[in-house]
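>>> Pasted the sequence and its predicted model underneath.
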Amino acid sequence: MEAKHVPQVPESAHPGRWWHTLEDGRVQCDLCPRDCKLHEGQRGACFVRRNVGGAIQLTTWGRSSGFCIDPIEKKPLNHFYPGSSVLSFGTAGCNLACKFCQNWDISKSRDMDRLMDAASPEEIAAAAKRYHARSVAYTYNDPVIFAEYAIDTALACRARGIRNVAVTNGYIRAEARREFYAVMDAANIDLKAFTDDFYVKLCGGHLQDVLDTLLWVRHESACWLELTTLLIPGYNDSDAELKQLCAWVAKELGPDVPLHFSAFHPDWKMTDVPPTPHATLVRARRLGIDAGLRYVYTGNVHDREGDTTFCPGCRARLIERDWYDILHYALTDDGHCPHCGTAVAGRFEHYKGAFGSRQIPVRLAVTVR
């Protein structure tokens, strides 16, 4: 009898979780709502998860597309230890197919199985400690697709007192969601638009799956939550849609969840669409405030008014920013307004000054091939 051929598993391959075998012998990945059904050797839509020997393997465990020390405001997170630094890294691939992706060279890469920086969870945690980073961010591409690696790293970081941050599209199934967010201290989740038509045509996904994640993270986890909506002219920036989005956030998530409206820049498959006008961001922010949201920000532009955290009680300027730079900080150590005593939602501690807008590339290991 001819021996069954099993494809060679890359050295960095790691047993995947959240999958089951179908009656026809294929394996279904249960990590995200795409529910990829894979034959032997076949990869999922994310490219980094594949069927090897009748089981899901993550092919990017222990590998990264690069490491960098960033300001936490870049994630963007304005209410999670403002002014602190964060060690950021990602891998390759994505489980959505956004035509406007601003990191497409990483998220759409098909070469990352052959060339990446290698680092174990313990090495990443040690590096964060060495560089005095307050937290580690799983970002650049979507951490959902390398959830096993992210979870292992998050546990190693927690053992050293380092916080964990997920920058993600929120496209994840319920079982994996519970385990993933259990080890995340903060998350910025994209709410890319407020119509399913947008998600289907421009992202290859569905809105409701993201809304389910937002509701769960906000109400069922201890993870601090902030949202980002990238405003694309003519696609998701109408008053009607923005009013619906803001009203939903205010009612279902609450007025204390920060919402960032960010400027689009032509990229990937939407280079024919113009950049977002500054006036659009200002308009969106005003609609959010009118809907009752207490913390609405503009992003990817210089806008001190739109970057500033105001006291929800007396409207004093508590944290003034210009993009990633903090120009003025007046919160008390426990996150209260020094003028009227109103609590500001978020995670705060004694402010020792801002890391600033610097970005410091970090090399943790030799390149692997």
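Noted; the coordinates are in hand.

>>> tell me the SS of the closest residue in space to K269 that isn't next to it in sequence?
Spatial nearest neighbour of K269, chain neighbours left out: K99 (4.1 Å); criterion: C-beta to C-beta, 6 or more residues apart in numbering. Every residue, glycine included, has its C-beta placed from N, CA and C. Classification of K99 by DSSP: H, G, I helix; E, B strand; the rest coil places it in coil.

>>> The residue nearest to G66 when sequence neighbours are not counted: what secondary structure?
With C-beta to C-beta, 6+ apart as the criterion, G66 has its nearest non-adjacent residue at 6.1 Å, and that residue is D117. Assigned by three-state DSSP, the conformation of D117 is strand.

>>> what bridges to D117?
S64, T367 (DSSP bridges).

>>> measure it to A13 for me?
17 Å (C-beta to C-beta, to the nearest Å).

>>> try T91
If you go by C-beta to C-beta, the gap between T91 and A13 works out to 13 Å.

>>> The two: who's more crowded?
T91 (32 against 17; other C-beta atoms under 10 Å).

>>> what about that one, distance to K75?
For T91, the distance to K75 - C-beta to C-beta - is 17 Å.

>>> For the residue nearest to G66, give its distance to F89.
From D117 across to F89, the span is 8 Å (C-beta to C-beta).

>>> residues near D209, how many?
Using other C-beta under 10 Å, D209 is surrounded by 19 other residues.

>>> How many residues are close by E148?
That count, for E148 with other C-beta under 10 Å as the rule, works out to 23.

>>> Was I right to think A55 contacts H14?
No - A55 lies out of contact with H14 (C-beta atoms under 8 Å); the separation is 11.0 Å.

>>> Look at these two and report which has more neighbours.
Per other C-beta under 10 Å, whichever of A55 and H14 has more neighbours is H14, with 18 against 12.

>>> how about the more buried one, what does it touch?
Q57, L58, W61, G62, E148, Y149 (C-beta atoms under 8 Å, 6 or more residues apart in numbering).

>>> Next step: these restricted to strands.
Q57, L58 (DSSP state E).

>>> for the contacts of H14, which one is nearest V344?
Minimum distance to V344 across the contacts of H14 is 33.5 Å, recorded for Y149 (C-beta to C-beta).
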